[in-house]
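Undergrad: I'd like to go over a predicted model; first the sequence, then the structure.
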Amino acid sequence: MKRRPTLLAATALAAVAVVSLSACGGSDGDAKDSDKIAGADSGSGSGSGDKQSKSPSAGASDDGVARPEVKLPKGVKNVFEGGKTGDPKKDAVLADNARWVDSLIEAVTVQAKDHPALKFYAAGDGLISSAEYIQGFQEKKKTFVGTIRYYDRKVTFLKDGVAAVSYCKDGTKTYPKDLKTGTVDRSIKASPSDYAFVNTRVKKNGKGVWQTDSVTSTTASEKCTP
């Protein structure tokens with residue numbers, strides 16, 4: 001049975017793999033789960049009730065940090081719900097989390113020699129997890145098109161400069177695309193495996209950027225499956 005690419009926690013891939021990412025490929029995000037992108041947006045799932053907001057991914061920001069540009073290709077979209085909590089500190093964490101997601105999806109869907117934004121928004125095990133996810137696409141010579149929805153996004157501060165960000169992903173509106181032929185397989189039907197609960201740890205670096213430091217993901221989680 002065909003599935004969409006799924007983002008799961010990485011365990012063993014050298015972070016150097018992200019330094020020079022050329023082709024992106026259809027995913028396998030994880031050996032256990034199939035081919036569905038656990039980050040791809042859209043779908044019914046229980047949203048936060050807040051307005052959907054476009055990702056704050058590119059250019060200069062209010063905090064004065066010079067940020068690398070992130071551009072997703074036509075036909076690929078991330079939609080983030082609950083971007084404004086009313087707490088400036090939490091909003092800053094959510095904004096950088098969204099930028100990391102955008103940089104990850106850019107690396108999967110845009111063929112380029114290098115993806116500087118990914119290394120800007122991820123570090124440590126989070127960078128390794130990102131590299132493994134991207135490598136899964138490269139090995140299959142696939143990418144994807146469609147929309148990913150991120151909802152029920154929550155921030156918990158653990159200690160000074162460290163926080164946890166959790167959220168649900170709905171990838172029911174993403175479809176595998178063959179890099180060689182450009183063919184998009186839209187025959188895949190939605191299933192519980194298209195939803196995932198993601199928990200990340202973020203750490204504030206010297207530039208004031210909340211970098212994703214670790215990632216774990218549970219596919220078909222009851223927390224996220226409608």
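TA: Happy to help now that I have it. In this text the structure is predicted, and so the values were computed from the model without any measurement. Residues are numbered from 1 along each chain as shown.
Undergrad: just the element for the residue nearest to the spatial centre of the chain, please.
TA: By C-alpha atoms, centre = their mean, the chain has its centre lying nearest to Val101, at 3.3 Å. Per DSSP states H and E: Val101 is located in helix 88-109.
Undergrad: before we move on, back to that, right, and the residue nearest to the centre of the chain touches Tyr150 too?
TA: Yes. The criterion here is C-beta atoms under 8 Å, and Val101 meets it with Tyr150 at 6.7 Å. Yep, even glycine has a C-beta here, placed from its N, CA and C like the rest.
Undergrad: rewinding a little: using CSV, list the CA coordinates for the helix holding Val101.
TA: Output of helix 88-109 as CSV, limited to C-alpha atoms (Å, rounded to 0.1, in the frame of the first residue of the first chain):
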residue,chain,number,x,y,z
PRO,A,88,6.0,37.6,22.7
LYS,A,89,8.5,35.0,23.9
LYS,A,90,6.3,32.1,22.9
ASP,A,91,5.5,33.8,19.6
ALA,A,92,9.3,34.1,18.9
VAL,A,93,9.7,30.4,19.5
LEU,A,94,6.8,29.4,17.3
ALA,A,95,8.1,31.7,14.5
ASP,A,96,11.5,30.1,14.5
ASN,A,97,10.0,26.6,14.7
ALA,A,98,7.9,27.5,11.6
ARG,A,99,11.1,28.7,9.9
TRP,A,100,12.8,25.4,10.6
VAL,A,101,9.9,23.5,9.1
ASP,A,102,10.0,25.7,6.0
SER,A,103,13.7,25.2,5.6
LEU,A,104,13.3,21.5,5.9
ILE,A,105,10.5,21.3,3.3
GLU,A,106,12.5,23.6,1.1
ALA,A,107,15.5,21.2,1.2
VAL,A,108,13.2,18.3,0.2
THR,A,109,11.4,20.1,-2.6
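Undergrad: buried ones in it?
TA: The neighbour-count check on helix 88-109 (16 or more other C-beta atoms under 10 Å) flags 90-109 as buried.
Undergrad: for this protein, which spans come out with low pLDDT?
TA: Where the chain drops to pLDDT under 70, the residues are 1-62.
Undergrad: quick revisit: and the helix holding Val101, what does it pack against?
TA: If contacts are counted by 3 or more C-beta pairs under 8 Å, 6 or more residues apart in numbering; DSSP states H and E, helix 88-109 sits against strand 76-81, helix 116-121, helix 124-140, strand 142-159, strand 162-178, strand 195-204, strand 210-219.
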